[in-house]
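Visitor: need the 3D shape of this:
(one chain, ligands or ions: 1)
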Amino acid sequence: MDYEISMLFPEGKRKALTFSYDDGTIHDRRLAALLNEYGMKGTFNLNYGLLGKGGMETVNGIETDFSRVEAEEVRCLYQGHEIASHAYSHASLTGLPKNMAATEVLKDRYNLEQLTGELIRGFAYPYGAYNSQIEEILDACGIEYARTVESTGDFSLPEDFLAWHPTCHHEDERLMALAEKFCREEKDGPFVFYLWGHSYEFAQKNNWELMESFLKYMAQYKEDIWCATNIEILDYVKAYRELKRSTDGKILMNPNATPLYVAMNGRKYCIHGNEKLELPS
Ligand SMILES: [Zn+2]
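Guide: Numbering: from 1, shown residues only. Next up, the predicted model:
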């Protein structure tokens, strides 16, 4: 086909890196600080009903602090990152009647919005439990994407953002091999490395160096990688999907304010907000 283009991320990058961490335990403090240190952005999935609760628990013989962060620190702690919903009380939504599942989502969304002054548009399924009925409920509650716990081992964007499968969990034994594959990938993108987990797992297993090595490795390639929150990626993809094209494919028109980037024959092009671009023959 003539004028075959591929999507690029902001600044003409082919790759994006994003994080998704659940439950809002106090270990998010160290995780957020680590992400900040390396200039990376993440999404933190919180249960409003559990903020300030929890304590020491022994799991597999190891005593770990499962305390949740305090409501008062949420705004400051997650500054520069995204706060998303993980249901009000961490209930498994597939086990609830529809109205109660909707309440779990809306009550969490409403309270987190009141607390932060931000719109809460993302979600992570508690226990990874979802089905098409739950997806419909999330959609009705104004949730635009939801993360599962099913690792893909690849870097593709989801077909259905309400079942957004991550690349892998941080304890996946393929972690560094996947990181290397991602950074060395030279084909047209877009590629997304989507890492998920719980910050208490680092405390429980005393393996913070795992995350630090990953961040250090990825940081070397930051010139090629867009570090973004989950919702920033979704917003960009949505804007890209609205790109208009002439019948012959030569003219591109961007009806949104966000600048959009495309690649054609190894060259990069930017279509500024509310502007047209004619591709060279
Ligand atoms: Zn959880």
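
Visitor: all contacts plus neighbour counts: C-alpha atoms, from now on.
Guide: Noted.

Visitor: residue 149 reaches residue 170, doesn't it?
Guide: No - look at residue 149 against residue 170 with CA atoms under 8 Å: they stay out of range, at 11.7 Å.

Visitor: tell me the residues of the stretch 101-250 of the chain that contact the ion?
Guide: Contact residues, the stretch 101-250 of the chain versus the ion (CA under 5 Å from the ion): residue 126.

Visitor: so where is the stretch 1-150 of the chain shaky, pLDDT-wise?
Guide: For the stretch 1-150 of the chain, the stretches with pLDDT under 70 are 1.

Visitor: cutoff 90 now
Guide: 1-2, 57-63 (pLDDT under 90).

Visitor: tell me where it has helices.
Guide: 28-37, 74-77, 98-116, 132-140 (DSSP state H, counting those that start in this stretch).

Visitor: next, the buried residues of the longest one.
Guide: Residues of helix 98-116 classed as buried under the neighbour-count rule (16 or more other CA atoms under 10 Å) are 101, 102, 104, 105, 106, 107, 108, 109, 111, 112, 113, 116.

Visitor: one more: the second one?
Guide: Of the residues in helix 74-77, 74, 75, 77 count as buried by neighbour count, 16+ other CA under 10 Å.

Visitor: you'd agree residue 157 is in a helix?
Guide: No - applying DSSP: H, G, I helix; E, B strand; the rest coil, one finds residue 157 to be coil, outside a helix.

Visitor: among the helices of the stretch 1-150 of the chain, which is nearest residue 65?
Guide: Smallest distance to residue 65 across those (CA to CA): 11.9 Å, for helix 28-37.

Visitor: apart from its chain neighbours, what residue comes closest to residue 75?
Guide: residue 116 (5.6 Å; CA to CA, 6 or more residues apart in numbering).
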